[in-house]
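Student: A predicted structure for the sequence below; I have some questions about it.
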Amino acid sequence: MKLSAAYRLAATVLHGFDEYRARFQAITRDASRRFCDAAWQETQRASAERINLYKEKVDGTRDRLQRTFSREVLTDCEYWRAARGHYAERISQRLDYELAETFFNSLFCAVFQHRHIRNDWVFVYSSRDDAARRSGIELCRQRRVDGDWQAALTWALAEAPLELPFADLSRDTGLGAAFLREHLPAAILEADDAEIELLHSVFYRNKGAYLVGRIRGGGEQVPLALPVLHDGAAVRQRCLRLDTVLIEPDEVSILFSFTRAYFQVDVPVPGEFVGYLQDLMPRKSASELYAAIGFFKHGKTEFFRTLNRQVARREDRFVLAPGIPGMVMAVFVLPSHRTVFKIIRDVFDPAKDITHQGVREKYRLVKRHDRVGRMADTQEFSNFITRKDHFDPECLEHLLETAPSTVSMKGDKVLIRHCYTERMMTPLNLYLEQCDEDEVRTVLNDYGNAIKQLAAANIFPGDMLLKNFGVTRHGRVIFYDYDEISYLTDCCFRALPRTPGGQLADASALSIGPYDIFPEEFGPFMIANPERRALFHRLHPELFDPAYWQGLQQDVRDGRVIDVYPYRNKQRFNGGSDALVH
């Protein structure tokens, strides 16, 4: 029997998705081997490869479609309507059906250049919203505590599929048990039914392996994360140590932050896995959690669906973002969705020497790079359409004026041809206006730490003005303006010329190259307020020393990978000199 063109189209897309999933899983499952071998540079390369993989497979599948089908078939939405039906039927029993739907959507968008987005032709809404069912696959392992927290932690660590031994398991579990006895709610500590539950899958990222689950008892529960690292004192023996225990919801939430690299974790049933994580972190959206475990494209799908529902509620309108307008981006927000939208302006401020394509390359760099907890993840959208009355008039007028090639009107519809979205944060310059003296010191210290941690990861922010950083609900300082970002190793950090007596020489004849940077001049550009600038200089004097930056460059060139752990140094049981921490 001859198969229809629509059926063959669906089969070709599904074949491309299967290729993507097979390679994605191969990279992910090799994370345990990379961790055991302490292959940190390979870990970074694998992370970037897995991010690039999605576009590679979409592009490859589109090329296959173009070789197989005539243009008339491939650009006929009615064929795609029929193909959608065949595809939905073929993936209906799959455990990763939602990821397969997103891949179908990506192929449609690649063919139609992000136009004609309708649920008749793509999966604007999931094909199984009303058909949720359990897979029956057991995601977790459990153990009753029976009053012995050290024994329970010994089980948690010893039974984990980590392959390497612990340098001193008794020491680690003793420290962990003491921590739990001091910090767990009394209802759990005193409960006869207290138990530890952990996901079978280990979460790998950079130099850490994380066991994630919860502690339950007495009708209460707290999330649980056990970060495991290589033991520095026993590195030649390749042994492990428990670095700390995390049970505060905010601490575990930071572990899954949108500012960090995606985890490498084996996910048997994506939807159920994300559902479990949401039970641990109710404030985390499904879109964030899908992205956190590597499915950032489906995270974008979930984000888009949630955004559509939020806009339809008409609780508020799109408005201009608070703070100082950007020189490169026009920025607006939907306050109720806690989302920032960025559109590249048609004309940049003369001080900005960059092109539209250059800006987009900077955002791609951030997507591929380890964000070390200090850069916001973004989602990229094309041909975003909404109604005119969803916008505040001042906001819409500004967008039409500053980016007419990107934002246009068609009747009562607003068409945005290209934009980026990010999580909304309070701009650092505005945040500081609301702080008391102690808070100013804390946030300026974190601002300096953010710059140092980015540098240790081979990122130089470029424009380090306060307005280009934001503060999250957890009080962390995050960089989010990427148009001047560059690799640290591409920069040339120089000292200002001085006289034999140590005074600054006349720099008028100084030859300055495009990548030359003079850290001694940072102060006035970063912080205008003299008192706060002086405080920042006391907190982070090395940032104004060219030798400090040159030393970091050498570390990067020597292949030293410095991890940035998502918890404070004071929480670590054994400390560590190789880490820059929260």
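Tutor: Done, it's in.
Student: give the contact list for the residue nearest to residue 117 when sequence neighbours are not counted.
Tutor: Sequence neighbours aside, residue 124 is the residue nearest to residue 117 in space, at 6.4 Å (criterion: CB to CB, 6 or more residues apart in numbering). Every C-beta, even on glycine, is put in place using the N, C-alpha and C of the backbone. When the contact criterion is CB atoms under 8 Å, 6 or more residues apart in numbering, the partners of residue 124 are 117, 118, 305.
Student: 10 Å instead, please
Tutor: For residue 124, the contacting residues are 101, 105, 117, 118, 301, 304, 305, 308, taking CB atoms under 10 Å, 6 or more residues apart in numbering as the criterion.
Student: which single one of those is nearest to residue 229?
Tutor: Closest approach between the contacts of residue 124 and residue 229, by CB to CB: residue 301, at 34.1 Å.
Student: the closest one reaches residue 105, doesn't it?
Tutor: Yes - taking contacts as CB atoms under 10 Å, residue 301 lies within contact range of residue 105: 6.8 Å.
Student: comparing the two, which residue is more hemmed in?
Tutor: When neighbours are counted by other CB atoms under 10 Å, residue 301 comes out ahead of the other of residue 301 and residue 105, with 25 against 22.
Student: which ones are touching that one?
Tutor: Taking CB under 10 Å, 6+ apart as the criterion, residue 301 is in contact with 98-99, 101-103, 105-106, 123-126, 286-287, 290, 295, 379.
Student: do you know how far the closest residue to residue 121 other than its chain neighbours is from residue 90?
Tutor: Nearest residue to residue 121 in three dimensions, chain neighbours excluded: residue 80, at 4.6 Å (CB to CB, 6+ apart). In this structure, residue 80 lies at 15 Å from residue 90, with CB to CB, to the nearest Å as the measure.
Student: more neighbours: which of the two?
Tutor: Residue environment comparison for residue 80 versus residue 90 gives the larger neighbour count to residue 80, 27 against 16, counting by other CB under 10 Å.
Student: buried residues, the helix or strand where that one lies. List them.
Tutor: Assigned by DSSP states H and E, residue 80 falls within helix 77-90. Residues 77, 79, 80, 82, 83, 84, 86, 87, 88, 90 are the ones in helix 77-90 that count as buried (16 or more other CB atoms under 10 Å).
Student: a markdown table for those residues, including pLDDT?
Tutor: Formatted as a markdown table, the buried residues of helix 77-90 follow (pLDDT from 0 to 100):
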| residue | pLDDT |
| --- | --- |
| 77 | 91 |
| 79 | 93 |
| 80 | 94 |
| 82 | 95 |
| 83 | 95 |
| 84 | 95 |
| 86 | 96 |
| 87 | 96 |
| 88 | 95 |
| 90 | 95 |
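Student: mark which of the contacts of residue 301 are part of strands, please.
Tutor: Within the contacts of residue 301, membership in strands is found for residue 379, as judged by DSSP state E.
Student: and stretch 528-539, C-alpha only, in PDB?
Tutor: Taking only C-alpha atoms (Å, rounded to 0.1, in the frame of the first residue of the first chain), the coordinates of stretch 528-539 have been written out as PDB:
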ATOM      1  CA  ALA A 528      28.600  57.100  39.800                       C
ATOM      2  CA  ASN A 529      28.100  57.600  43.600                       C
ATOM      3  CA  PRO A 530      31.500  58.400  45.100                       C
ATOM      4  CA  GLU A 531      30.800  56.900  48.500                       C
ATOM      5  CA  ARG A 532      29.500  53.600  47.000                       C
ATOM      6  CA  ARG A 533      32.300  53.500  44.500                       C
ATOM      7  CA  ALA A 534      34.800  53.800  47.400                       C
ATOM      8  CA  LEU A 535      33.000  51.000  49.300                       C
ATOM      9  CA  PHE A 536      33.100  48.800  46.200                       C
ATOM     10  CA  HIS A 537      36.800  49.500  45.800                       C
ATOM     11  CA  ARG A 538      37.400  48.400  49.400                       C
ATOM     12  CA  LEU A 539      35.300  45.200  48.900                       C
END
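Student: in that stretch, what counts as buried?
Tutor: 532, 533, 535, 536, 537.
Student: which residues are contacting that stretch?
Tutor: Contact with stretch 528-539 is made by 429, 432, 437, 440-441, 444-449, 465-466, 522-527, 543-544, as judged by CB under 10 Å, 6+ apart.
Student: show the buried residues in these.
Tutor: With neighbours counted by 16+ other CB under 10 Å, the contacts of stretch 528-539 contain buried members at 429, 432, 440-441, 444, 446-449, 465-466, 522-523, 526-527, 543-544.
Student: from the residues you listed, which land in helices?
Tutor: 429, 432, 440, 441, 444, 446, 447, 448, 449, 522, 523, 526 (DSSP state H).
Student: tell me who's in contact with the first one.
Tutor: For residue 429, the set of contacting residues under the criterion of CB under 10 Å, 6+ apart consists of 323, 324, 465, 466, 467, 468, 469, 470, 527, 528, 529.
Student: confirm residue 420 sits in a strand?
Tutor: Yes - under DSSP: H, G, I helix; E, B strand; the rest coil, residue 420 falls within a strand.
Student: OK, contacts around it?
Tutor: The contact partners of residue 420, by CB under 10 Å, 6+ apart, come to 329, 331, 340-344, 359-360, 363, 376, 378-381, 480, 482.
Student: cool, residue 113 as well?
Tutor: Residues near residue 113 by CB under 10 Å, 6+ apart: 382, 383, 417.
Student: for the stretch 101-250 of the chain, what are the low-confidence residue spans?
Tutor: Applying pLDDT under 70 to the stretch 101-250 of the chain flags residues 129-133, 233-236.
Student: same thing but at 90, please
Tutor: Regions of the stretch 101-250 of the chain meeting the criterion pLDDT under 90 cover residues 113-120, 125-136, 231-238.
Student: tell me which stretches of it form helices.
Tutor: Assignment of helices within the stretch 101-250 of the chain using DSSP state H, counting those that start in this stretch yields the ranges 149-158, 169-183, 186-189, 249-255.
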